[in-house]
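Colleague: sequence-free structure coming up:
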């Protein structure tokens, strides 16, 4: 029997599914520039502002679609990117989180958003989009000058709109996506200073995760001391929930392997060891622990489930991490998990009637929308169809261009 992560027949299915996802999201492009939040059938959801997050993610997705030779994908990527070079860009520096239909920008500037701009710009350069080089240069300058702390080796989290007051909160989620963006920028530009920065973030996360039995503290004060009770009263927060986030353990496991595979990283063994441990903890704490298939969203610091809803992105990161660990180690157990989770995704998460994936399921695996209404974007699901088909290095856009284009 063929091993799914490396099976050519399975890769053909992945390719077909990636193209189905791209077809579902075609209406994301906003005429005024940027990408729109999508509803259950791929329709733009009314009343939602154009955000830098969705615009960046869809620039990335459709930029890769263009590299795959999908007609129209380059046009959609360019329209999504036009929001980043247009109304979402603050002429005084950086990017607004979102802009309403009347042109009113949402206040604040976050590292999370700016990391995705760097990712989008890197992919846009790889895809050859007009203006992408300028966007990448600006995104890199803002991330390094406003968020990156060279002394500590981590990124700060949130500024006010004018970059005059830095919030005391520090977060791992923003740093996780900064690692992805930094490694992507290194892949596209060949500037491996980005890899060195990413490795510093990885070292911190591995150290603190190991001290907490491989459950990652997400929230910190200005001195980078953990805040384990943060958002205890708001456990379903979409970006900063209380406790340990199962999906982030899986996502970090994969990112550590990407970092370990970078030519200038030297393949340090601690990255592979940590990837294994994070994966094992996430599976033990998160998979089918309440008698039903699926990953719970969060746990407390003993591993007890807190939010039992199933988020689509967690399953996407699970198959992506399992494929990465199988590619890196060759161990059959990872291939079996990979197959188990794709079967789950097919049964419960893929919407076989209307397309894409349900973004949130309740503990009984029925669609719900208390945290993620609609089907906002394609980022996690689309990447899960690509990762198993390309090497761990370079990162996705460059790897697709070299191996799948």
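Modeller: Looks like it came in fine. Keep in mind that what you see is a predicted model, and the values were worked out from it rather than measured.
Colleague: quick one: low-confidence ranges for this structure?
Modeller: Applying pLDDT under 70 to the chain picks out residues 1-2.
Colleague: dump the residue contacts of residue 172.
Modeller: 205, 216-220, 248 (CB atoms under 8 Å, 6 or more residues apart in numbering). Placement of C-beta: from N, CA and C, glycine included.
Colleague: what two of those are the furthest from one another?
Modeller: 220 and 248 (14.2 Å; CB to CB).
Colleague: Which one's more surrounded, those two?
Modeller: residue 248 (25 against 20; other CB atoms under 10 Å).
Colleague: Got phi/psi on the more buried one?
Modeller: Backbone geometry at residue 248, expressed as degrees, to the nearest 10, gives phi -70, psi -30.
Colleague: Identify the residues contacting it.
Modeller: 172-173, 176, 216, 218.
Colleague: Kindly report the same for residue 148.
Modeller: Shown in contact with residue 148 (CB under 8 Å, 6+ apart): 155, 178, 197.
Colleague: any idea which of the residues you listed is closest to residue 380?
Modeller: residue 178 (17.2 Å).
Colleague: tell me the SS of that closest one?
Modeller: helix (DSSP: H, G, I helix; E, B strand; the rest coil).
Colleague: I'd say it and residue 111 touch.
Modeller: Yes. Under the criterion of CB atoms under 8 Å, residue 178 makes contact with residue 111 at 6.5 Å.
Colleague: related to what we said a few turns ago, could I get the contacts of residue 248 in TSV, plus columns for distance to residue 48 and secondary structure?
Modeller: What follows is the contacts of residue 248, written out as TSV (distance: CB to CB, whole Å; DSSP: H, G, I helix; E, B strand; the rest coil):
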residue	distance to residue 48	secondary structure
172	27	helix
173	21	helix
176	25	helix
216	30	coil
218	26	coil
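Colleague: Now distance to residue 3 too, for those residues, in JSON lines please.
Modeller: Output for the contacts of residue 248, formatted as JSON lines (distance: CB to CB, whole Å):
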{"residue": "172", "distance to residue 3": "33"}
{"residue": "173", "distance to residue 3": "32"}
{"residue": "176", "distance to residue 3": "29"}
{"residue": "216", "distance to residue 3": "29"}
{"residue": "218", "distance to residue 3": "34"}
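Colleague: Pick out whichever of those sits closest to residue 319.
Modeller: Closest to residue 319, out of all of those and judged by CB to CB, is residue 176, at 17.9 Å.
Colleague: how about the closest one, what does it touch?
Modeller: Residue 176 touches 205, 248, 251-252, 255, counting by CB under 8 Å, 6+ apart.
Colleague: Which of the contacts of residue 172 sits closest to residue 358?
Modeller: For the contacts of residue 172, the nearest to residue 358 is residue 248 (20.4 Å; CB to CB).
Colleague: which SSE is residue 208 in?
Modeller: Secondary structure from DSSP states H and E places residue 208 in helix 193-211.
Colleague: quick revisit: pick the one among the contacts of residue 172 closest to residue 341.
Modeller: Distance to residue 341, by CB to CB, is smallest for residue 248 among the contacts of residue 172, at 16.4 Å.
Colleague: Bridged to the residue nearest to residue 296 when sequence neighbours are not counted, which residues?
Modeller: With CB to CB, 6 or more residues apart in numbering as the criterion, residue 296 has its nearest non-adjacent residue at 4.3 Å, and that residue is residue 305. For residue 305, the beta-bridge partners under DSSP bridges are residue 299.
Colleague: what's the burial count for residue 305?
Modeller: Per other CB under 10 Å, the neighbour tally for residue 305 reads 19.
Colleague: one step back: of the contacts of residue 148, which qualify as buried by neighbour count?
Modeller: 155, 178, 197 (16 or more other CB atoms under 10 Å).
Colleague: what residues are up against the closest residue in space to residue 240 that isn't next to it in sequence?
Modeller: Residue nearest to residue 240 in three dimensions, not counting chain neighbours: residue 231, with 5.7 Å by CB to CB, 6+ apart. By CB under 8 Å, 6+ apart, the residues touching residue 231 are 219, 237, 240-242.
Colleague: follow-up on the earlier one: can you tell me which of the contacts of residue 248 is nearest residue 130?
Modeller: Nearest to residue 130 among these, with distances taken as CB to CB, is residue 176, at 30.2 Å.
Colleague: Any idea how many residues pack against residue 381?
Modeller: Neighbour count for residue 381, taken as other CB under 10 Å: 26.
Colleague: pretty sure it contacts residue 359?
Modeller: No. Residue 381 is beyond contact range of residue 359, at 9.2 Å (criterion: CB under 8 Å).
Colleague: Many thanks, have a good one.
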